[in-house]
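3D, please:
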Amino acid sequence: MNSNGFSISTNKKYLDVDVIHDFLNQEAYWSKGITKETVIKSIENTTLCFGVYKGEIGNEGCDQVGFARVITDLTTHAYLCDVFILPDYRKLGLSKWLMDVITNHSELKEVRRFMLATNDAHSLYDKYGFNPIDKPELFMQKVGKTPFQQ
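Below you'll find the predicted structure:
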């Protein structure tokens, strides 16, 4: 998919693991200190990864500028995570375009429960049908400490 000189692809072979790791390790509040090995393993084991690129995918000079992962069984549950657009490419509508592509993806349109967690992007996700959990008392979590957590 192309728009205004940018491309989005779910083909993992085009992902720039160094760009993804650098952002998640140094910039993202949710994963500071994450190891490159953890990033690689998370990508390998995620059903759908969306890369956002400046330029035509596969062409020389095409650089990755954004990313998102959707962990899902493609039927009953999906979890959106690790969503980012690099700072130099924000305010260009790329996050909205990325969310439009994700929420309209043929494999995700019929998923019964699509979840995410965010500290500061509620207004973005609200535009794509995400709402606060209606019965939070039903949900539980088990959080394991990983080496990159502080």
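
ok now do the closest residue to Arg112 other than its chain neighbours, which residues does it touch?
What sits nearest to Arg112 in space, not counting adjacent residues and going by Cβ to Cβ, 6 or more residues apart in numbering, is Thr76, at 4.9 Å. The way it works is simple: take the backbone N, C-alpha and C, and place the C-beta from them, glycine included. Residues in contact with Thr76, defined by Cβ atoms under 8 Å, 6 or more residues apart in numbering, are Val111, Arg112, Arg113.

who is the last one paired with across the strands?
What it means is Arg113. Using DSSP bridges, the beta-bridge partners of Arg113 come out as His77.

distance from the chain centre to stretch 17-25, please.
Between the centre of stretch 17-25 and the centre of its chain there are 12 Å (Cα atoms, centre = their mean, to the nearest Å).

what do you get for stretch 71-78?
For stretch 71-78, the distance to the chain centre is 15 Å (Cα atoms, centre = their mean).

where's the residue nearest to Arg112 relative to Gly66, distance?
Using Cβ to Cβ, to the nearest Å, we find Thr76 at a distance of 27 Å from Gly66.

contacts for the helix or strand harbouring Ile43 next, please.
Element membership of Ile43 [criterion: DSSP states H and E] is helix 36-44. Outside helix 36-44, the residues that touch it by Cβ under 8 Å, 6+ apart are Lys12, Leu15, Val17, Ile20, His21, Leu24, Asn25, Cys49, Arg69, Asp82, Thr146, Phe148.

quick one: residues contacting the second one.
Residues touching Leu15, when contacts are defined by Cβ under 8 Å, 6+ apart, comprise Ile43, Cys49, Gly51, Gln64, Phe67.
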